[in-house]
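In: this one's structure only:
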C-alpha cells in the first residue's frame, strides 16, 4: 500500500517512518576495495575505476541503491576478486554519483553496518552475494564498557592534541558519538593502521573486544606521534642552534670591526705565525707563501669550499717545528748503558752505533745520520732504533714503507686534489713537534712500485744529506729542512733495495743469534717478559737450566727470536690455564714438562746435516731470514752419460752454472777415469719446494760429485761455502757471519771458507767463532785434502 491509498472507511493512512536497517536487502552488489576499508556510520566519497564493477553501481541505482563494500586480501594479487576478499564488510547506500572522464565513477556513500558473506550468488555480469547482518553484542559488563569508553575518549583527546592532522570536525564528531561500538569504529577509522588491523576491528562483533583492540592501536599511535614529535623537536633545535650561531658570528664580526680588531682568535694565530717565521729568518719564499695564504684566508667567504682548504693548510704550517733543533748533549756512557740494557751481545753493531753517536757529539751541527739495519726477522732491528732514540734524548717515530706504492705517501698530495694531505715525513714532524726526531723507515726492502709513482725514488731526496735541507713536500710546496732528522731504516736484505737508495745509507748487518746468545737472552729477557705479559709473574715458574738448550734447538731453529718467543708464550699460556683450573704447576720446568706442554719437537732429525754416504756434501747458504745449511746429494745413473749432469731442487741460473763448472773441474781431477763416460750425474738440493740461487755453492757441488766418483764419504762434521772456477780457484762469498751462525746452530764443528774472506772472518766476534774450527782455502785441492784426506787421489 502506498501513501495515496485509502482505508475501508474512506480516510487516508497517515505516513509512517521506517528504520533503514529494517529494509536492508539479503543480496548485495559487492564492490572490492584496494584502499583502506571504511567503517559504519560515516559519509565518504569513493572512486570506482572503469572496469568490471562500474555496471554494478548503475544496476544498484536502478534498484535499491545499496552496495556491499568489502576489502581485498592482497591488493596486488591476480586472483579473481571473489577469491581474494574478506568475508566481513560494510553495507552502504549511494547518495550521489558523478561520472568520470576515464569511464570510472565517483560516488558519495553513507555506510550503515557490518554484513557477512554467506554465499557468492553471482560472478557475472555482477559480483553479488547472499549476506547476513550479525547483531552486535556487548561481550562484557556495562561497567567495563563504560570504563573502556572513558579510556578511549581520554587517549583520543591526547592524540588529537599532538596530531595536527586532526580537524575540528573530527573532534566535534567524537564528542557527539555516544554508542560504544560506533565510537570505537570512528576512532579506528582515523588511525593509520595496516589493512589487517582495520579488518580485525571490522570483524569484531563483540563491542568489548572491539574497544580493546582500538585502545591497543590508539596507544601505539600515540607512542609513534610522541616519537615523531621528539625527532622533529631535535631537528628544530639543531636548525635554531645553527641559525643562532650564524647570527652571533656575524654580530661578533661587526663588534670587532667597530673596535678596530680585524681578526678573531684564529686570525691572530695566523698573524702570529707570520711574525714567528720572520723572526726565525727563514727563506723569504716561505714567508711570502704563508703571507699570501693568510691574506687569502681573510678574503675568502667562510661558506666557500676554499675556506677550509686554506685553513687546513695554515694549520699544518703552524703545527710544524720551524725553530732550530736544540743542541742535545749526548751522554756516551748513558747511550752504551741503554744499548747494553736492551740488547745482549751484538758488540759489533753497538760499536758502529756508538761511533755515529760520538761523531754527532763532537759535531752537533753535522748532517743527519742515515743508518740501515739489515738482518733477518726477530733480531732486534726496531728495538735498536728505539734504543738509539732514547740514548740521544730524541722522540721516536716509526712507519712502515713495506708494500707502499704511491710516492705521495712520502712527498704528500698536491693541494689541487680533494682530501690532500702532507706525506709521512712531514706528518712525523707534526706528531713529534721536534725538528730532529729519530724516524724509522721499516721494511725498506719491501717497498713497491705502482702506477702512482715510485716511492723509492721519492726517498732519494729524503735520505740524501746534501738535498734534504730543502725538502719540498707536494702539499706544503715550500722548502723544509730535514737535515737534523736522524733517519733509520730496516730491511731483511739489501738485494731488493735500489742501488742508488742504498748508496745514501750506512748499512749495519745484524746476522742473528747463536745458541749461546739465545740462552742468555732467554734467561735475561724473554722468560721474564713472557711471565709478566701472561700474568704469571707472581707464580714465577722457572725452566731447568739443563732444558733450555734442548728447548731452543728442538723448537726454534731460526736466526732471530720471534719463533722462540712464540714457543715461550705458548708454554706460559698453558701454565696460566692450569693455574686457573687449580691444577698443579711445576716450579721447575723440565724436558718432560716441555714435551707435555708443546708436544713433540719439530726439529729432531739431523739427517739433512750429515754426510754418511758417498755423493753427499753439506754447504752453507744465505737467505733473507738468516743463514741455513744446504745438503747436496749426487747419484750416478748408469748409461752413456757423455759427461752430462741433471739438476733438480729449483736451482737458479747461477747455481746451475756452478754445478756445470764443478762437474767440468772434477772431470779434470779424475781425467783417467771412464766413470763419466758410463754415467749421468743427477745432482739434487733438498728441499725442492724452495727456490735457491747464489754464487757460493761451487766447492760443495764439486765435493758431492767427487765423493760419488771416489765412492768415499766426506769426513764427518764438515760444512763448506765458496765458489769454484774451471781451474779450481775458490772465490769469495757473502753473508759470512750468517752462514757461520747457521753452521753453529746445526752443530757443525768444522767449516771451510775461501781465504779471500779472511778480512770478514776477522771481523766476526770471537764468541760467534767459539767451538768451531775454520779452514781458509784458496784452491779446491785444499778442500779435497781436508774432507777426503791427503792421499785421496792415490787411493782411487
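Out: Done, it's in. A quick note: this is a predicted structure, and the numbers were derived from the prediction, not measured. Numbering: from 1, shown residues only.
In: Every contact and neighbour count from this point should use C-alpha atoms.
Out: OK.
In: Walking through the stretch 51-200 of the chain, point out its strands one by one.
Out: In the stretch 51-200 of the chain, the segments counted as strands under DSSP state E, counting those that start in this stretch are 66-71, 88-99, 105-122, 128-132.
In: any chance of those in JSON lines, plus mean pLDDT and mean neighbour count?
Out: Below are the strands of the stretch 51-200 of the chain laid out as JSON lines (pLDDT from 0 to 100; neighbours: other Cα atoms under 10 Å):
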{"stretch": "strand 66-71", "mean pLDDT": "91", "mean neighbour count": "24"}
{"stretch": "strand 88-99", "mean pLDDT": "92", "mean neighbour count": "20"}
{"stretch": "strand 105-122", "mean pLDDT": "91", "mean neighbour count": "18"}
{"stretch": "strand 128-132", "mean pLDDT": "91", "mean neighbour count": "20"}
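In: What helix or strand is residue 40 located in?
Out: Taking DSSP states H and E as the definition, one finds residue 40 inside no helix or strand.
In: got the contact list for it?
Out: Residue 40 makes contact with 90-91, 111-114, 182, 185 under the criterion Cα atoms under 8 Å, 6 or more residues apart in numbering.
In: and if you look at residue 110?
Out: Residue 110 makes contacts with 41-44, 92-95, as judged by Cα under 8 Å, 6+ apart.
In: What of residue 726?
Out: Contacts for residue 726 (Cα under 8 Å, 6+ apart) come out as 661-662, 664-665.
In: distance of it from residue 618?
Out: Separation of residue 726 from residue 618 (Cα to Cα, to the nearest Å): 21 Å.
In: The stretch 351-500 of the chain: helices as residue ranges?
Out: 381-391, 408-411, 424-432, 455-462, 499-502 (DSSP state H, counting those that start in this stretch).
In: Turn these into a markdown table, columns for mean neighbour count.
Out: Formatted as a markdown table, the helices of the stretch 351-500 of the chain follow (neighbours: other Cα atoms under 10 Å):
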| stretch | mean neighbour count |
| --- | --- |
| helix 381-391 | 20 |
| helix 408-411 | 22 |
| helix 424-432 | 19 |
| helix 455-462 | 20 |
| helix 499-502 | 14 |
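In: Turn those into a markdown table, columns for distance to residue 537 and mean pLDDT.
Out: Output for the helices of the stretch 351-500 of the chain, formatted as a markdown table (distance: least, Cα to Cα, whole Å; pLDDT from 0 to 100):
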| stretch | distance to residue 537 | mean pLDDT |
| --- | --- | --- |
| helix 381-391 | 23 | 89 |
| helix 408-411 | 43 | 89 |
| helix 424-432 | 34 | 92 |
| helix 455-462 | 45 | 86 |
| helix 499-502 | 44 | 88 |
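In: Please name whichever of the ones you listed is nearest to residue 742.
Out: Set against residue 742 and scored by Cα to Cα, the helices of the stretch 351-500 of the chain come closest in helix 381-391, at 19.1 Å.
In: Now tell me what touches the closest one from outside.
Out: So helix 381-391 is contacted by 330-331, 334-335, 338-339, 342-343, 373-375, 395-396, 437-438, 440, 442, 488, 490, 510 (Cα under 8 Å, 6+ apart).
In: From those, which land in strands?
Out: Among the contacts of helix 381-391, the residues falling in strands (DSSP state E) are 373-374, 396, 438, 440, 442, 488, 490.
In: which two in the residues you listed are spaced the farthest apart?
Out: 374 and 396 (19.2 Å).
In: you'd agree residue 324 is up against residue 434?
Out: No. The pair residue 324 / residue 434 is not scored as a contact, 9.1 Å apart, by Cα atoms under 8 Å.
In: about what we covered before: nearest to residue 448, of the contacts of residue 40?
Out: Out of those, the member with the shortest distance to residue 448 (by Cα to Cα) is residue 185, at 74.8 Å.
In: sorry, back to before: now the buried members of the contacts of helix 381-391.
Out: Of the members of the contacts of helix 381-391, the ones counted as buried by neighbours, 16 or more other Cα atoms under 10 Å, are 330, 335, 338-339, 343, 373-375, 395-396, 437-438, 440, 442, 488, 490, 510.
In: Now residue 240: which helix or strand?
Out: Using DSSP H and E, residue 240 falls in helix 207-259.
In: and that helix, what other elements does it pack with?
Out: Under the contact criterion of 3 or more Cα pairs under 8 Å, 6 or more residues apart in numbering; DSSP states H and E, helix 207-259 touches helix 142-162, helix 180-189, helix 195-202.
In: what's the second one packed up against?
Out: Okay, so that is helix 180-189. If contacts are counted by 3+ Cα pairs under 8 Å, 6+ apart, helix 180-189 sits against helix 142-162, helix 168-176, helix 195-202, helix 207-259.
In: Point out the most buried one among these.
Out: Using mean count of other Cα atoms under 10 Å, the stretch among the helices and strands packed on helix 180-189 with the largest mean neighbour count is helix 195-202, at a mean of 18.
In: so what's the nearest residue to residue 779 once chain neighbours are set aside up against?
Out: Excluding its sequence neighbours, the residue lying closest to residue 779 (Cα to Cα, 6 or more residues apart in numbering) is residue 729, at 4.5 Å. The neighbourhood of residue 729, defined by Cα under 8 Å, 6+ apart, consists of 778-780.
In: for the residue nearest the centre of the chain, what are its contacts?
Out: By Cα atoms, centre = their mean, the chain has its centre lying nearest to residue 403, at 15.3 Å. Residue 403 makes contact with 446-448, according to Cα under 8 Å, 6+ apart.
In: Out of those, which comes closest to residue 774?
Out: Taking the contacts of residue 403 together and measuring to residue 774 by Cα to Cα, the closest member is residue 446, at 35.2 Å.
In: doesn't residue 402 make contact with the closest one?
Out: Yes. Residue 446 is within contact range of residue 402, at 4.5 Å (criterion: Cα under 8 Å).
In: Helix or strand: which one has residue 547?
Out: Assigned by DSSP H and E, residue 547 belongs to helix 545-555.
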